[in-house]
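> test case, fold it:
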Amino acid sequence: MPVAIHATEKALCKVFSDDFAFSIPAYQRPYAWTKDQASELLTDLLSFLGDGSEAVTDANPYFLGSIVLIKGEDAPEADVVDGQQRLTTLTILLSVLRSLANSESALEITDYIYQRGKRLEGKENRYRLKLRKKDEDFFRKYIQNEKKLDDILQLDTSQLTDSQKNIQINANYFFEELRKLSEQRRDSFAHYLMMRCFLVVVSTPDLDSAYRIFSILNARGLDLTLSDFLKSEVIGAIPQSQQDKYTKIWESEEEDLGRERFQELFAHIRMIDRKAKPRKTIIKEFREDISPQKEPQKFIDEVLKPYSDALEIINTANYRSDKDAETINYLLRWLNKIDNFDWIPPAILYFSINSHSPGKLKHFFTDLERLAAGLLILRADINDRIGRYAKLLAAIEKNVDLYALESPLQLTPQEINRIIKTLDGDLYLIQRIRQYVLLRLDSTLSQGEARYDYSVITVEHVLPQNPSVGSTWLQWFPNEEERIQYVHRIGNLALLSRNKNAEAQNYDFDKKKEKYFVGKKGISPFVLTTQVLQQSEWTPAVINQRQEDSLQSLRKIWRL
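Residues are numbered from 1 along each chain as shown. Now for the predicted structure:
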């Protein structure tokens, strides 16, 4: 059955009316608008109002954007999915206008902040905006209460939370700016604010639809994610006596991972559980299939926390142990250079199970990097990768032998042959894999001591693709057809820690070494490039030997 979605443009006098009773759900972030955003809003509004030479009803309208609500058709109660920052700031602005207005105007403005009960209509007394529980009492006492605004300006900021500080600072800013205006100007501004400022109100009774609408409309990157919705449902399903404990665990894990990584964690959790590409919206899969709200404490204790801890170590390559930690972190750094993240769910699952067994982790991550690199070199598409890692997740859960020949962790003989053929071919032409392969090779030749934290790393031909007429290159490679067979192979490639220089690429060999391949201190930071500098000439024999040596090293790295 289709879900009813309504979108209507409304003046603020209709937004702050009996039609709506706004609540900020627990999953929302704290109020975060600073003086910068408040200043931008007030400056824009006064600019659009004009200089007072024309009637307010003729002034240019001001569009405040859209808000997304979870709201039934026949009831005013509305959970704010997107728009809490604007609704909160507008309420602060109304409160300040009220404090500066004469008694008659103040009474009118109060009607936009507070709904007076109407017994015959069954309406109760209530404030039109209800903040998150942590800030609700503060906001009601100092902003919505018509006699307390002066008090908030006197509060000691050291005793306030960040959101309360923002409320205080913005209230003070609005107060200082608006009291500079004449009473007539403020009255015109209040009239303009309520009658000529508009919001598009998008509402749906369904959380899943609201989340999808928010994702589409949220081109501004506001701070609301899937994890916020799930937090509300999961924490809300825990007995109230334990909610603070589990809220702290949840928020601590989010802080440790960072907002973006924490959001990614839920995609990895979904993959570990479902072992397939999404077939519904991710929030629907969580709510209907994974159902963390059914056993919320278990989900946090046995899934969220251990998986989050594992992902943090995987992302930072910061495993600590008296044994094998250096090797494990070395492998994690290389896995993090793979151009996709499909390998992460099995890494999280295995790590969470075996975090105290460094020997097992070393064995597993050696083969996981081999598999991930192999799939990269084979240019496996996303469906192939997800299918392979899904089988690996199932194998980990079933505790089967991951090192048997038929294990999904292991490359098949056919895959190995195709990898070798690719590595022995025109590697340069496969842009997606060439840098990873060459850096992996270079690291092994440096015995793992090299670090690749340069802002730019490029792959360069030693023998140029188009050597100049009369150059030494054409003496060493007189046959064009034969030269082409050498130019793009590993044996003819080197690494640079700067952008390419088109002119320098065609220098003769001696000049190219001197001007192009040598680093700032007279050496190259790459072993592969240092090998080039050690050669006195660059002939087919040199490239062939280098090709054979490189291929042999790569076969040893990945047991090919």
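> show the low-confidence segments of the protein, by residue range.
Counting by pLDDT under 70, the chain shows low-confidence ranges at 1-4, 27, 120-123, 207-225, 448-450, 499-505, 519-522.
> tell me where it has strands.
Counting by DSSP state E, the chain has strands at residues 6-11, 21-23, 62-71, 77-82, 114-115, 126-127, 129-130, 197-204, 458-461, 493-496.
> list the buried residues of the third one.
So that's strand 62-71. Across strand 62-71, burial judged by 16 or more other CB atoms under 10 Å covers 62, 64, 66-71. Every residue, glycine included, has its C-beta placed from N, CA and C.
> to residue 101, which of the strands of the chain lies closest?
Closest to residue 101 of these is strand 114-115 (CB to CB; 14.9 Å).
> partner strands of the closest one, with direction?
Strand pairing for strand 114-115, using DSSP bridges, gives strand 126-127 (antiparallel).
> give me the residues contacting the strand it pairs with.
For strand 126-127, contacts defined as CB atoms under 8 Å, 6 or more residues apart in numbering pick out 21, 113-115, 117, 140, 144.
> would you mind measuring from the residue nearest the centre of the chain to residue 315?
Taking CA atoms, centre = their mean, the centroid of the chain lies closest to residue 260, which sits 3.3 Å from it. Distance from residue 260 to residue 315, counting by CB to CB, to the nearest Å: 11 Å.
> list the buried residues in stretch 524-540.
Buried-residue list, stretch 524-540, by 16+ other CB under 10 Å: 524-532, 538, 540.
> any chance of those residues in TSV, plus distance to residue 8?
TSV is the format used below for those (distance: CB to CB, whole Å):
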residue	distance to residue 8
524	65
525	61
526	62
527	66
528	64
529	64
530	68
531	69
532	68
538	72
540	75
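> please enumerate the helices of the stretch 251-400 of the chain.
259-274, 282-285, 296-299, 305-316, 325-335, 344-354, 358-377, 382-398 (DSSP state H, counting those that start in this stretch).
> which one of those helices lies closest to residue 87?
Nearest to residue 87, of those and by CB to CB, is helix 259-274 at 22.3 Å.
> just how off-centre is the closest one within its chain?
With CA atoms, centre = their mean, to the nearest Å as the basis, helix 259-274 stands 11 Å off its chain's centre.
> that helix - contacts with which helices or strands?
With contacts taken as 3 or more CB pairs under 8 Å, 6 or more residues apart in numbering; DSSP states H and E, helix 259-274 sits against helix 226-236, helix 240-257, helix 282-285, helix 305-316, helix 344-354, helix 382-398.
> between helix 382-398 and it, find me the angle.
Put simply, helix 259-274 runs at 70 degrees to helix 382-398, going by axes from the mean of the first three to the mean of the last three CA atoms, to 10 degrees.
> and the contacts of helix 259-274?
Contacts of helix 259-274 (CB under 8 Å, 6+ apart): 223, 225-227, 230, 253-254, 257, 278, 282, 285-286, 289-290, 303-304, 307-308, 311-312, 315, 341, 344-345, 348-349, 386, 389-390, 393.
> pull out the buried positions in that helix.
By 16+ other CB under 10 Å, the buried positions in helix 259-274 come out as 261-262, 264-266, 268-274.
> now the terminal residues of stretch 151-158, how far apart.
15 Å (CA to CA, to the nearest Å).
> and the contacts of it?
So stretch 151-158 is contacted by 142-143, 165, 167-168, 171-172, 175 (CB under 8 Å, 6+ apart).
> how about that stretch: buried residues?
residue 152.
> what are the C-alpha coordinates of stretch 284-304, in CSV please?
Extracted in CSV, the C-alpha atoms of stretch 284-304 (Å, rounded to 0.1, in the frame of the first residue of the first chain):
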residue,chain,number,x,y,z
LYS,A,284,14.0,-1.3,6.2
GLU,A,285,16.4,-4.2,6.2
PHE,A,286,17.6,-3.3,9.6
ARG,A,287,14.2,-2.9,11.1
GLU,A,288,12.5,-5.9,9.4
ASP,A,289,15.4,-8.4,9.0
ILE,A,290,18.2,-7.7,11.4
SER,A,291,15.8,-6.3,14.0
PRO,A,292,18.2,-4.9,16.6
GLN,A,293,15.3,-3.4,18.5
LYS,A,294,14.1,-6.9,19.5
GLU,A,295,17.1,-7.6,21.6
PRO,A,296,18.7,-4.2,22.0
GLN,A,297,21.2,-4.8,24.8
LYS,A,298,22.4,-7.9,23.0
PHE,A,299,22.8,-6.0,19.7
ILE,A,300,24.9,-3.3,21.4
ASP,A,301,27.0,-5.7,23.5
GLU,A,302,27.6,-8.5,20.9
VAL,A,303,27.4,-6.6,17.6
LEU,A,304,27.8,-2.9,17.7
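> return the distance of that stretch from the chain's centre.
The answer for stretch 284-304 is 22 Å, by CA atoms, centre = their mean.
> which other residues reach it?
208, 226, 230, 233-238, 242, 246, 249-250, 253, 265-266, 269-270, 273-274, 278-280.
> if we use 6 Å, what do you get?
Stretch 284-304 is contacted from outside by 208, 233-234, 237-238, 246, 249, 270, 273, using CB atoms under 6 Å, 6 or more residues apart in numbering.
> neighbour-wise, which of those leads?
Counting neighbours by other CB atoms under 10 Å, residue 234 comes out on top of these with 24 neighbours.
> got the contact list for that one?
With contact set as CB under 6 Å, 6+ apart, residue 234 has these partners: 292-293, 296.
> and for residue 306?
By CB under 6 Å, 6+ apart, the contact list for residue 306 reads residue 352.
> from the buried residues of strand 62-71, which is closest to residue 190?
Nearest to residue 190, judged by CB to CB, of the buried residues of strand 62-71 is residue 62 at 13.6 Å.
> didn't the closest one look like it was pressed against residue 195?
No - Residue 62 is beyond contact range of residue 195, at 10.7 Å (criterion: CB atoms under 6 Å).
> give the residues shared as contacts by the two.
With CB under 6 Å, 6+ apart as the test, residue 62 and residue 195 reach no residue in common.
> on that earlier part again, of all pairs in the contacts of stretch 284-304, which one is the farthest apart?
Farthest-apart pair in the contacts of stretch 284-304 is 208 and 249; separation 25.9 Å (CB to CB).
> thinking again about what came up before, type out the PyMOL command that picks the buried ones from the contacts of strand 126-127.
In PyMOL, a selection of the buried entries from the contacts of strand 126-127 looks like this (16+ other CB under 10 Å):
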select buried, resi 21+113+114+115+140+144
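> what sits closest to residue 546 if chain neighbours are left out?
residue 491 (3.9 Å; CB to CB, 6 or more residues apart in numbering).
> what about that neighbour, distance to residue 370?
The value you get for residue 491 to residue 370, if CB to CB is used, is 23 Å.
> what do you get for residue 171?
When residue 171 is compared with residue 370 (using CB to CB), they lie 60 Å apart.
> these two: who's more crowded?
residue 171 (22 against 19).
> contacts only, for that one.
Counting by CB under 6 Å, 6+ apart, the residues that residue 171 touches are 92, 152.
> mind starting the numbering at 230 from now?
Okay, residue one is now 230; in that scheme the one you just asked about reads as residue 400.
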